[in-house]
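# the following comprises the amino acid sequence and a computationally predicted model.
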Amino acid sequence: MIENNGANKVSGNQFAVTYTIDYVHRVVVGVNAPDLATAIAYVSDAFDAGTLWDDTESMPLLYDDYEEVAQETLKFTAEAVATFPEPDASVNELKRREYAFHACRALLAGSDRALDFARKALPHLAPIANTFECAQCGRVYDNASECLSDDCPTTVAGRRHAAIRVGPTLPPKA
């Protein structure tokens, strides 16, 4: 089925096209119980407590997937847009997971790209640069091997003091 949301002709040529399809989220867990009703009650309680997906020995996760419903429900809609909107948080999460997968694969392969992928997957956790601290004045610098301060109190005759590496830093918290 195709809908155009009432816009047969538009002045621009950019469209946001959506498709929807109905799914059923099916989860199967194993549970030991004296009877069917008690087994369902255990799992219902675990669902309510948010522990259903913990995959424990007493309640192993056996299946967790989305299945299309039996009837055809695919539906496309479109709307004209002046500019494409920013990607939704769901898209950003998909990209972060993909980058995390690539980071793990690159790490296992010994690739230098692992850190690049990790930074994209977890920008709030991945180190961004080496930092150095002047042993004399305490100022911190990125990627410097000597104090870069012109007013370091111990700079003598234009010679700067060596900086001490204090390690990778994390990006500032937003």
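Done, it's in. These figures come from a predicted structure and were not determined experimentally.

# counting by contacts, list what the top helix by length along the chain packs against.
What stands out as the longest helix in the chain, according to DSSP state H, is helix 89-108. Judged by 3 or more Cβ pairs under 8 Å, 6 or more residues apart in numbering; DSSP states H and E, helix 89-108 is in contact with helix 114-121. Yep, even glycine has a C-beta here, placed from its N, CA and C like the rest.

# quick one: work out the angle between the helix it packs on and helix 89-108.
Helix 114-121 and helix 89-108 meet at an angle of 170 degrees, taking axes from the mean of the first three to the mean of the last three Cα atoms, to 10 degrees as the criterion.

# domain ranges for the protein?
2-80, 89-121, 129-169 (automatic domain parsing).

# low-confidence bits of the chain, can you list those?
Along the chain, segments meeting pLDDT under 70 span 1-12, 126-174.

# can you show me the strands along it?
With DSSP state E as the criterion, the chain has strands at 2-3, 15-20, 23-29, 61-68, 75-80, 129-134, 140-142, 163-169.

# just checking: what are the partner strands of the fourth one?
Looking at strand 61-68 with DSSP bridges, its partner strands are strand 23-29 (antiparallel).

# list of residues touching the strand it pairs with?
Strand 23-29 is contacted from outside by 43, 46, 52-53, 59-69, using Cβ atoms under 8 Å, 6 or more residues apart in numbering.

# list the contacts of Tyr83.
Small correction: residue 83 is Thr, not Tyr. Going by Cβ under 8 Å, 6+ apart, Thr83 touches Gln14.

# ok, it to Gln14 distance?
Distance, Thr83 to Gln14, using Cβ to Cβ, to the nearest Å: 7 Å.

# what do you get for Asp35?
In terms of Cβ to Cβ, Asp35 sits 59 Å off from Gln14.
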